[in-house]
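Asker: for reference, the sequence and a predicted model appear below.
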Number of protein chains: 2
Amino acid sequence: MKALIVDDDRVLADVLAFTLRREGYQVVQAFDGETALERWQADRPDLIILDVNLPRLDGFSVCRRIRAQADTPILLLTVRDQEEDILRGLGLGADDYITKPFSPRQLVARTQAVLRRSGQRPTSSIRTVGDIQLDPSRRELGVGQGPTVSLTPLECQLLECLMINAGHVLTYDAIMAHVWGPEGGDRDMLRQLVRRLRQKLDQACPGESSRVETVPGLGYGLVLASVHS
Amino acid sequence: MKALIVDDDRVLADVLAFTLRREGYQVVQAFDGETALERWQADRPDLIILDVNLPRLDGFSVCRRIRAQADTPILLLTVRDQEEDILRGLGLGADDYITKPFSPRQLVARTQAVLRRSGQRPTSSIRTVGDIQLDPSRRELGVGQGPTVSLTPLECQLLECLMINAGHVLTYDAIMAHVWGPEGGDRDMLRQLVRRLRQKLDQACPGESSRVETVPGLGYGLVLASVHS
DNA sequence: CCCATTTGTCACAGCTCTGTCATAGCTTTG
DNA sequence: CAAAGCTATGACAGAGCTGTGACAAATGGG
């Protein structure tokens, strides 16, 4: 996921860039309106964080020009309490706004909301570990030549987590952080989810012993199946 | 994987240390900036968790000095919403930050992200002494070509303690401190644990004499097996 | 708005791990 | 030589962990 950050305040732009990179975005930057348009055309970002006050072409003009050509989500940066700017920006097609000063956490929340509303999702990338194949975009699992099995969103998250770290044992906390995020989940939820994933893996490859191993008191890991078995 | 935790809040430092040890890290601690630099040079950690507010040299200075010499990943601990500190730290070369208060799971997620971005991945932390191999991340023991045997958490702690000090006799008190922590354990618990470990070693290498020797009135040590036996 | 699916919660059974205690045998000391 | 102390061993009980099944709540789609 790529974001274009447009702000002539380079310090703030760096904080924004860092924050979004930490969330996994690719980030490009522009420090004036004209460069913003050039970057937008060259990089085709999925999201634009756009300050209103810019040299060489103001944010409103940039917004108008982009809206004449595309629906790329635009998040406006405005100065506190300038409602006139907010109304104008939203009228020109911006999707949301955030007023300075704001915390990184607010930025993350806003960008996620904008992207969710625009219906975007990352491109497909099938993961393969041993004879297990996972298509996260379709949430489909296949083991060897067995049937394709659908996974629920959380089952998919868990399997992806285990596949990324195949061959290693992940602690309960590490898995919960990956699946539910920093404050979410608990051991009971994880136990239940592991059970459901094991059932799906068994549907995809009946009769095999569990591909998810438990190291009691430590965590879970994905067993790499022997090709000969 | 070794982490250096630098925080003058000893309670928080202990919580961080416990959390990272649970994730399999070796952990060393410093409670002020100067000691942090000394520890960094002596221990060569793979990751530094660095508080900003420290006695005898603040976190920023520590960060600057380390960055002048190395790319060791640095995770800054900051107080909630002090963006100025965040900016300054990132500008000095810190790789990420986490704001207090935070949960252990946030810490785990952030450290993994930082290490992933720095291209590091956990190297195997398998210990080998003579023909004994211990994998603490799986709590598995192997002796020579014998079968792999699972250990319980305390068995694993004890064996690791003996392997670290292979060739030496450790006193009862030293072993109890390592396994149960200060003030924990007693001689009867240790005797029982040594017995259980001996049984596991025997499972892993049947028929051999005990690899754990007793020095009556003093303690226990790990016998280095002769290659010829 | 309804229905189906997904997820969270709870209770229970079984198993593992650890601590404790009793006993036997060996070693040391008086 | 006897007694005391130390070490090893075996067994048992309790706490906690793990897996499982079922049901309720939440969510999303039609």
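Answerer: Received, thanks. Fair warning: this is a prediction, and the values are worked out from it, not measured in the lab. Residues are numbered from 1 along each chain as shown, chains lettered A, B, ... in the order given.
Asker: now residue A:149: phi and psi?
Answerer: phi -120, psi 140 (degrees, to the nearest 10).
Asker: surely it meets residue A:199?
Answerer: No - look at residue A:149 against residue A:199 with CB atoms under 8 Å: they stay out of range, at 9.6 Å. The C-beta positions use only the backbone N, C-alpha and C, and glycine is treated the same way.
Asker: which one of those two has more residues nearby?
Answerer: residue A:149 (18 against 13; other CB atoms under 10 Å in any protein chain shown).
Asker: quick one: contacts for that one?
Answerer: A:140, A:141, A:142, A:200, A:203, A:204 (CB atoms under 8 Å, 6 or more residues apart in numbering or on different chains).
Asker: of the residues you listed, which is the most crowded?
Answerer: When neighbours are taken as other CB under 10 Å, the top entry among those is residue A:141 (24 neighbours).
Asker: residue boundaries of the helices in chain A?
Answerer: Using DSSP state H, the helices found in chain A span residues A:10-22, A:33-43, A:59-67, A:83-91, A:104-118, A:153-164, A:172-180, A:187-204.
Asker: got the buried residues for the second one?
Answerer: Spelled out, that is helix A:33-43. A:33, A:35, A:36, A:37, A:39, A:40 (16 or more other CB atoms under 10 Å in any protein chain shown).
Asker: could you do the third one as well?
Answerer: Buried positions in helix A:59-67, judged by neighbour count with 16+ other CB under 10 Å: A:59, A:60, A:61, A:62, A:63, A:65, A:66.
Asker: gap between the last one and DNA strand D?
Answerer: With distances defined as CB to the nearest atom of the strand, to the nearest Å, the gap from residue A:66 to DNA strand D amounts to 28 Å.
Asker: find the nearest non-adjacent residue to the residue in chain A that DNA strand D sits nearest to, please.
Answerer: Distances between chain A and DNA strand D by CB to the nearest atom of the strand are smallest at residue A:214, namely 3.4 Å. Leaving out its chain neighbours, the residue that sits closest to residue A:214 by CB to CB, 6 or more residues apart in numbering or on different chains is residue A:220, at 5.8 Å.
Asker: in CSV, list the buried residues of helix A:33-43 along with distance to residue B:91.
Answerer: Below are the buried residues of helix A:33-43 laid out as CSV (distance: CB to CB, whole Å):
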residue, distance to residue B:91
A:33, 26
A:35, 23
A:36, 24
A:37, 29
A:39, 24
A:40, 28
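Asker: get me the contact residues on chain A for DNA strand C.
Answerer: Within reach of DNA strand C by CB under 7 Å from any atom of the strand, chain A has these residues: A:150, A:152-155, A:180, A:184-186, A:188-189, A:192-193, A:196, A:216-217.
Asker: same thing but at 6 Å, please
Answerer: A:150, A:152, A:153, A:154, A:155, A:186, A:188, A:189, A:192, A:216 (CB under 6 Å from any atom of the strand).
Asker: filter the residues you listed down to the ones near chain B?
Answerer: Filtering the residues of chain A next to DNA strand C for proximity to chain B by CB under 8 Å from any CB of the partner chain leaves nothing.
Asker: pull out the buried members of the residues you listed.
Answerer: A:154, A:155.
Asker: run a quick check on residue A:189 versus residue A:180, I expect a contact.
Answerer: Yes - here residue A:189 reaches residue A:180: they are 7.4 Å apart, a contact under CB under 8 Å.
Asker: in contact with the nearest residue to residue A:12 once chain neighbours are set aside, which residues?
Answerer: Nearest non-adjacent residue to residue A:12, counting by CB to CB, 6+ apart: residue A:100, 7.7 Å away. When contacts are counted by CB under 8 Å, 6+ apart, residue A:100 touches A:12, A:77, A:78, A:79, A:80.
Asker: in chain A, what residue comes closest to DNA strand C?
Answerer: Proximity of chain A to DNA strand C (CB to the nearest atom of the strand) peaks at residue A:152, 2.7 Å away.
Asker: am I right that that residue is in contact with residue A:140?
Answerer: No - counting by CB under 8 Å, residue A:152 sits too far from residue A:140 to count as a contact (11.5 Å).
Asker: local confidence estimate at residue A:150?
Answerer: Looking at residue A:150, its pLDDT is 91.
Asker: please name the residues that touch it.
Answerer: A:139, A:140, A:141.
Asker: can you rerun that using 7 Å?
Answerer: The contact partners of residue A:150, by CB atoms under 7 Å, 6 or more residues apart in numbering or on different chains, come to A:139, A:140.
Asker: okay, it and residue B:199: tell me how far apart.
Answerer: 46 Å (CB to CB, to the nearest Å).
Asker: ok, now residue A:45?
Answerer: Distance from residue A:45 to residue B:199, by CB to CB: 62 Å.
Asker: and if you look at residue A:205?
Answerer: As judged by CB to CB, residue A:205 and residue B:199 stand 36 Å apart.
Asker: excluding chain neighbours, what is closest to residue A:126?
Answerer: Using CB to CB, 6+ apart, the nearest residue to residue A:126 is residue A:135, at 4.8 Å.
Asker: pretty sure the one you found sits against residue A:128.
Answerer: No - if you go by CB atoms under 7 Å, residue A:135 and residue A:128 don't touch, sitting 10.0 Å apart.
Asker: of the two, give the one with the bigger neighbour count.
Answerer: residue A:135 (16 against 10).
Asker: so which helix or strand of chain A has the lowest pLDDT on average?
Answerer: Least confident helix or strand, chain A: helix A:104-118 with a mean of 72, by mean pLDDT, DSSP states H and E.
Asker: where does chain A come near chain B, residue by residue?
Answerer: Within reach of chain B by CB under 7 Å from any CB of the partner chain, chain A has these residues: A:11, A:15, A:18, A:22, A:103, A:168-169, A:171, A:173-174, A:176-177, A:182-183, A:215, A:217-218.
Asker: how about a cut-off of 8 Å?
Answerer: A:11, A:14-15, A:18, A:22, A:101, A:103-104, A:168-169, A:171, A:173-174, A:176-178, A:182-183, A:215, A:217-218, A:221.
Asker: and stretch A:188-199, how far out from the chain's middle?
Answerer: In terms of CA atoms, centre = their mean, to the nearest Å, the centre of stretch A:188-199 is found 23 Å from the chain centre.
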